[in-house]
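Undergrad: Let me see the structure of the following:
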Amino acid sequence: MASDDDDVSVGLIEVYRHRLQELIVVDRVLDYLEFIEYDQKEQIRQKAKTDGDIAATNLLISAVIKKPHTLGWFTAFVDALKHSGCHSAAEYMQVNPPRPEVEAENDTCVKLIHLLSPSLVEMPTEEVRLHCFSKGLISQEDSELIETTTTNKGPISGARELLKCIVRAPPGWFSTFLDILRETDHKNLCELTGRPSDFDNKGSDDKLPSLMDESTGSAAAAAESCDSPQLNDISLSEEPEADLYEAVSTDPRQLPHSLEPPQRGAAGDPEKADIVLRHYQKDVARPALEGENIIICLPTGSGKTRVAVYITKKHLDCRRAEGCSGKVVVLVNKVPLVEQHYSAEFLPFLKPSYKVERVSGDCQLKISFTEIVKNNDVIICTAQILENFLERSNNGEDEGVKLSDLTLIVIDECHHTQKGEVYNHIMMRYLMQKHKNRRLKKEQKEPVPLPQILGLTASPGVGAATIMKKAEDHILRICANLDASKIMTRSLGEHKREPRKVVQTVEDRKEDPFGDVIKNIMNAIHAHAELSPTSDLGSQNYEQWVVQKERIAATEENQKVRVCAEHLRQYSEGLNLSNTIRMRDAFSFLNKYYDEEIKKKATPDDEQDIQITDTERFLFNLFKDKKEELQKLADNPQYENDSLTKLRSKVLHEFSSRKAARGIIFTKTRRSAIALSQWIQENSKFADIGVKASYMIGGGDQSVVKPMTTAEQRDVLTKFRDGDVNLLIATTVAEEGLDIAACNFVIRYGLVTNEIAMIQAQGRGRAEDSSYTLVEVKNSGVAEKECVNEYRINMMNKAIDKIRALDQADYDKRILEFQIQAIMEEKVRMTKKKQKCMQYEKGEVKFSCRSCSKPVCTGEDIQIIENMHRVNVTPEFSQLFNKRENTTLQERLLDYETNYFIACKDCGQRWGSMMLYKGIDCPCLHVKNFVVTFNGKKISKCTKWSELAIKFPAFDYAEHASRLVDDEDTN
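TA: Residues are numbered from 1 along each chain as shown. Presented below is the predicted three-dimensional model:
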């Protein structure tokens, strides 16, 4: 552990070496460094005399970081900096540097002093020295040195020494120094301020002249740095030590009219803005600025997105300078990230120089994606949209997009560029074309241009690796998929704020009568269906076993086992909920499920009863008999789970111990997120200390819980950023990429997946002194999984270091091998898919009700709307189902809406939803509700239409509408 800490400390010193050279006074620091030998100290002192402090500081740093290290060497070094008066240097070593814009402004002030030193040395040195000392700009030792130099060598030499000392002061010294010059009637004051020396308004209105902009480039003056308004030009940066997303204001700030340089835009004008990166950000960006494909791997909060904005701007600038147009697409994997990247990053810093637009699945723009790409320079979109339009182009459609239309693709959270992921589908097109280009070059033909690729990630992960070699292969495969020539990173210890981490273990209930009743019901169902579970009730293995039993029973038309397995799955969920949230919420879930099941057995108009089998009647009565007992137990707080108690204590602690608490609780399911939010809102203890809770869940409709729309997600996130909500309870939808700068605590409540998710969740805590807490939940095994993830993170970091240490030729060879392998696997996959499609086209596909096994339709009856929705509009099919109001999902999109679901007339099994498409009712089928038979053989697993390789004909709207009109005329 000590060795790891030493490596981190050495890395920190190396990162800030250039700063230390400017801020350290070698002679003084050496007096306090006991672990450096006397002879070496003398050598360093001699270096200072002959070559100056900067050269000597280099030698000093080399001596400090030289191995082997003595115990406590780094602390001794920091103490030496403090005691010698090098406080600014000590701040950097304590990972507390000034904010980037403050640092940039300070650098500009230092350069200005150097530039004007020929006239500044004519100051009344002795008088200025006394003022500087009294106002704390120089130390006692500085003051004595300046006085001695003035006495022995004259006032000009003394002034030079004073200027050397003053620029080492903490940021904010400049305006004080101007005041001192004014008070001592320095005749060249106007060169520093751009105003006459007798200007009355002092202190806060001092302003640097346009000379500073011309000599050093624009920089934003933070209020705390020079006690002045921001400069006309904006300096943008991102740093991990401070609030990265509030450090830069994009609001326009104007100069006083007397100081406003001619022919300049507003301060918020990105055309004049200069994005200032930290040194480590410049280092990781450098290969991309030279046109290489790279992956940037930086910890969460280290400014990956800001680096991407910088690279994007430089890319477009270069293309423009060469007389070519640039086209950049920024890909994200979640809809909320589209708006975030657009509003907070790319738009403020690229407009009006470049046209920036965003597109996502819920976008209401009335023009096609193809036109958006043509008309804009930067497009931020979800990856699936680009993939859809690449496919259109591949199929020869006019409304498509080609990779050759683009010049740069930025892929956010690029660790998802793996098999089956949409990122990988896009990159596979890239690799296939790159492979073809090699052949074209050999044939002396013009290759197809391909865009530059920039991948961003905090954690590539290690996949399923358990040994270092496999971890390396996993990361190299991602590099190969992204065609990255390098993976650029930095030591994870530098600059990074590690949140305080706590693991809250829980004790089993001494009594769990509520859970015992549920288990008794489940055992009764086991006996009825003649099932013998092989694992603990409620465990993950048990749930997998139940799902498998239901699937097999459905294909075998064993309705007794199928329906029992379905009910067992609900009881297992109820058991897990009672260990996670309140028992009353678990009871409410089960009660609602049985109410819905009973409703299925009656038609909407109650004119027809739907058949109830003996097994269903047994299951209904079983719950009915135990319902009153369960409700009574659920209302008894003495039996609540310990996890909820621990969570309550932790949340109360965070809000009572922080001045402005704002946190996220990650939980496993949508249902638990909603229930936890309700629990907090209903508990007066939380309200008393100012907790304002809301939940955020996913937008997919795979779950029985009503999903959140994108607008609802955006609204909750806005409230969370603004502080109207200060506690967000979320599923994994909020894990990646969402940047809430003021978030200062994260709690993972019974939820641990892999090392990537762990890093991402920790990274949501962006503020200073943030904490990360893991609260255990029964049967979750989170404490053990967290230990495994820590091991995997360590293995990942070592694997990245090994890859970066590879000779470039060896790296390129391994990348090429993985790429060729990926291309061959893709060709095999496409061949199999084609064969499967041909097979299905020749065969006969039938669909039967999953619940009662009644034949429903064949593949010939199904058509497809918008290449997505499978509908059956045949008159025969319309006689087989009832239409019910869909209270959990009412979805309105551009051309259709779904307000109803359709269910089997015989058994009440839901089959899908009723779409109103351009004024026509279209029954839309969900394949998971059917048993699919192909050529007489039942397919055991078919939960998505994509798993069924059948190409259905497009829905003929005109023909069906005409038929409906004819039928109405006939009637």
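Undergrad: Tell me which other helices or strands the helix or strand hosting Q340 touches.
TA: Following DSSP states H and E, the helix or strand that holds Q340 is helix 335-340. Under the contact criterion of 3 or more Cβ pairs under 8 Å, 6 or more residues apart in numbering; DSSP states H and E, helix 335-340 touches strand 356-359, strand 378-382, helix 710-722. Where you see a C-beta, it was placed from the backbone N, CA and C, and this is true even at glycine.
Undergrad: Now do the helices in the stretch 751-900 of the chain.
TA: Counting by DSSP state H, counting those that start in this stretch, the segments of the stretch 751-900 of the chain that form helices are 755-762, 782-804, 808-842, 875-878.
Undergrad: can you tell which of the ones you listed is closest to Q570?
TA: For the helices of the stretch 751-900 of the chain, distance to Q570 was read as Cβ to Cβ. The smallest value, 23.7 Å, belongs to helix 782-804.
Undergrad: okay, the angle between the closest one and helix 808-842?
TA: Counting by axes from the mean of the first three to the mean of the last three Cα atoms, to 10 degrees, helix 782-804 points 120 degrees away from the direction of helix 808-842.
Undergrad: okay, helix 782-804 in PDB with CA atoms only?
TA: Included here for helix 782-804 are C-alpha records, laid out as PDB according to Å, rounded to 0.1, in the frame of the first residue of the first chain:
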ATOM      1  CA  VAL A 782     -23.100  -6.600  -2.600                       C
ATOM      2  CA  ALA A 783     -20.300  -6.500  -0.100                       C
ATOM      3  CA  GLU A 784     -18.600  -9.500  -1.700                       C
ATOM      4  CA  LYS A 785     -19.200  -8.200  -5.200                       C
ATOM      5  CA  GLU A 786     -17.700  -4.800  -4.200                       C
ATOM      6  CA  CYS A 787     -14.500  -6.500  -3.100                       C
ATOM      7  CA  VAL A 788     -14.300  -8.400  -6.400                       C
ATOM      8  CA  ASN A 789     -14.900  -5.100  -8.300                       C
ATOM      9  CA  GLU A 790     -12.000  -3.400  -6.400                       C
ATOM     10  CA  TYR A 791      -9.700  -6.300  -7.500                       C
ATOM     11  CA  ARG A 792     -10.900  -6.000 -11.100                       C
ATOM     12  CA  ILE A 793     -10.300  -2.200 -11.100                       C
ATOM     13  CA  ASN A 794      -6.800  -2.800  -9.900                       C
ATOM     14  CA  MET A 795      -6.300  -5.400 -12.600                       C
ATOM     15  CA  MET A 796      -7.800  -3.000 -15.200                       C
ATOM     16  CA  ASN A 797      -5.400  -0.200 -14.300                       C
ATOM     17  CA  LYS A 798      -2.400  -2.600 -14.500                       C
ATOM     18  CA  ALA A 799      -3.600  -3.900 -17.800                       C
ATOM     19  CA  ILE A 800      -3.800  -0.400 -19.200                       C
ATOM     20  CA  ASP A 801      -0.300   0.400 -18.000                       C
ATOM     21  CA  LYS A 802       1.000  -2.800 -19.700                       C
ATOM     22  CA  ILE A 803      -0.700  -1.900 -23.000                       C
ATOM     23  CA  ARG A 804       0.700   1.600 -22.900                       C
END
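Undergrad: what's it packed up against?
TA: With contacts defined as 3+ Cβ pairs under 8 Å, 6+ apart, the secondary structure elements packing on helix 782-804 are helix 468-481, strand 486-489, helix 755-762, strand 771-775.
Undergrad: on that earlier part again, give me whichever of the helices of the stretch 751-900 of the chain is most buried.
TA: Greatest average neighbour count among those goes to helix 755-762 (a mean of 23), per mean count of other Cβ atoms under 10 Å.
Undergrad: which intervals of the stretch 701-850 of the chain have sub-threshold pLDDT?
TA: Residues of the stretch 701-850 of the chain meeting the criterion pLDDT under 70: 701-704, 734-742, 752-769, 779-785, 834-843.
Undergrad: just checking, next helix/strand downstream of the helix holding Q340?
TA: Secondary structure here is assigned by DSSP H and E; on that basis, the next helix or strand after helix 335-340 toward the C-terminus is helix 347-350.
Undergrad: Who are the packing partners of that next one?
TA: Under the contact criterion of 3+ Cβ pairs under 8 Å, 6+ apart, the helices and strands touching helix 347-350 comprise helix 304-321.
Undergrad: from the chain's centre, how far out does the very next helix or strand once past the helix it packs on sit?
TA: Using DSSP H and E, the next helix or strand after helix 304-321 towards the C-terminus is strand 328-332. What separates the centre of strand 328-332 from the centre of its chain is 14 Å, taken as Cα atoms, centre = their mean, to the nearest Å.
Undergrad: For the helix or strand Q631 falls within, which helices and strands make contact with it?
TA: Q631 is located in helix 614-634, with elements delineated by DSSP H and E. Secondary structure elements in contact with helix 614-634, counted by 3+ Cβ pairs under 8 Å, 6+ apart, are helix 513-529, helix 559-580, helix 583-599.
Undergrad: Highest mean neighbour count out of these?
TA: Buried most deeply of the helices and strands packed on helix 614-634, by mean count of other Cβ under 10 Å, is helix 559-580, with a mean of 23.
Undergrad: In PDB, could you pull the C-alpha coordinates for it?
TA: Output for helix 559-580, consisting of C-alpha atoms alone and laid out as PDB, is shown next (Å, rounded to 0.1, in the frame of the first residue of the first chain):
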ATOM      1  CA  GLN A 559     -50.500 -24.500 -18.500                       C
ATOM      2  CA  LYS A 560     -50.600 -25.700 -15.000                       C
ATOM      3  CA  VAL A 561     -46.800 -25.400 -14.500                       C
ATOM      4  CA  ARG A 562     -46.600 -22.300 -16.700                       C
ATOM      5  CA  VAL A 563     -49.100 -20.300 -14.700                       C
ATOM      6  CA  CYS A 564     -47.700 -21.500 -11.300                       C
ATOM      7  CA  ALA A 565     -44.200 -20.500 -12.400                       C
ATOM      8  CA  GLU A 566     -45.500 -17.000 -13.400                       C
ATOM      9  CA  HIS A 567     -47.100 -16.500 -10.000                       C
ATOM     10  CA  LEU A 568     -43.900 -17.900  -8.200                       C
ATOM     11  CA  ARG A 569     -41.900 -15.200 -10.000                       C
ATOM     12  CA  GLN A 570     -44.200 -12.500  -8.600                       C
ATOM     13  CA  TYR A 571     -43.900 -13.900  -5.000                       C
ATOM     14  CA  SER A 572     -40.100 -14.100  -5.400                       C
ATOM     15  CA  GLU A 573     -40.200 -10.400  -6.400                       C
ATOM     16  CA  GLY A 574     -42.400  -9.600  -3.400                       C
ATOM     17  CA  LEU A 575     -39.900 -11.400  -1.100                       C
ATOM     18  CA  ASN A 576     -37.000  -9.400  -2.500                       C
ATOM     19  CA  LEU A 577     -39.000  -6.200  -2.200                       C
ATOM     20  CA  SER A 578     -39.700  -6.900   1.500                       C
ATOM     21  CA  ASN A 579     -35.900  -7.100   2.000                       C
ATOM     22  CA  THR A 580     -35.300  -3.900   0.100                       C
END
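Undergrad: Now do it and helix 614-634, the angle between them.
TA: Here the directions of helix 559-580 and helix 614-634 differ by 10 degrees (the same axes, to 10 degrees).
Undergrad: Numbering from 42 from now on, please.
TA: Understood, numbering begins at 42; the last thing we discussed is helix 600-621.
Undergrad: how big is the angle separating helix 600-621 from helix 554-570?
TA: For helix 600-621 against helix 554-570, the angle between stretch directions is 170 degrees (the same axes, to 10 degrees).
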